[in-house]
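In: Here you go, sequence then predicted model.
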Amino acid sequence: MTAGAIITAGEISNMRSQIEMCWNPPVGVRGAASQRVQVKIALNKDGTISNVEPITRDSNGYKEVAINAAVRAVLSCAPYEFPTEKYELWNGLIATSTQICRPKNGMQPSDIRRISGPF
């Protein structure tokens, strides 16, 4: 990977689209679909998932249903397609119910690239 390598808006949009294909908003629990949740996605170089860890933790029943739906979506859509030469940038991706963002080392939350979407 080159020193100036970045994840482009198109690449983020592609990842978001991949997750959205498997995203099924929670039904049957009033308010669950509107909950904002975050999961951290650890990828293998071949695009398979090595780990999905909920960042959002809450005993609120609505959030729990939404967290489970987010984890299911991430797991169901693997393997993911991304430029393998940018693996270090993709590994450790943070996905939220409304956006996908990748925190870079030393960057502040306001510096994180964000792309909105239904997932």
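Out: In hand now; what should we look at? Residues are numbered from 1 along each chain as shown.
In: how long is stretch 69-83 from one end to the other?
Out: By Cα to Cα, to the nearest Å, the extent of stretch 69-83 from end to end equals 26 Å.
In: can you give me how far it is from the chain middle?
Out: Centre-to-centre, stretch 69-83 and its host chain are 8 Å apart (Cα atoms, centre = their mean, to the nearest Å).
In: Which positions within that stretch qualify as buried?
Out: 69-71, 73-74, 77-78, 80, 82 (16 or more other Cβ atoms under 10 Å). Just so you know, the C-beta spots here come from the backbone N, C-alpha and C atoms, and that holds for glycine as well.
In: next one: stretch 5-14
Out: By 16+ other Cβ under 10 Å, the buried positions in stretch 5-14 come out as 7, 11-12.
In: any chance of these in a markdown table, with pLDDT, secondary structure and distance to residue 46 too?
Out: Formatted as a markdown table, the buried residues of stretch 5-14 follow (pLDDT from 0 to 100; DSSP: H, G, I helix; E, B strand; the rest coil; distance: Cβ to Cβ, whole Å):
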| residue | pLDDT | secondary structure | distance to residue 46 |
| --- | --- | --- | --- |
| 7 | 84 | coil | 18 |
| 11 | 87 | helix | 17 |
| 12 | 84 | helix | 20 |
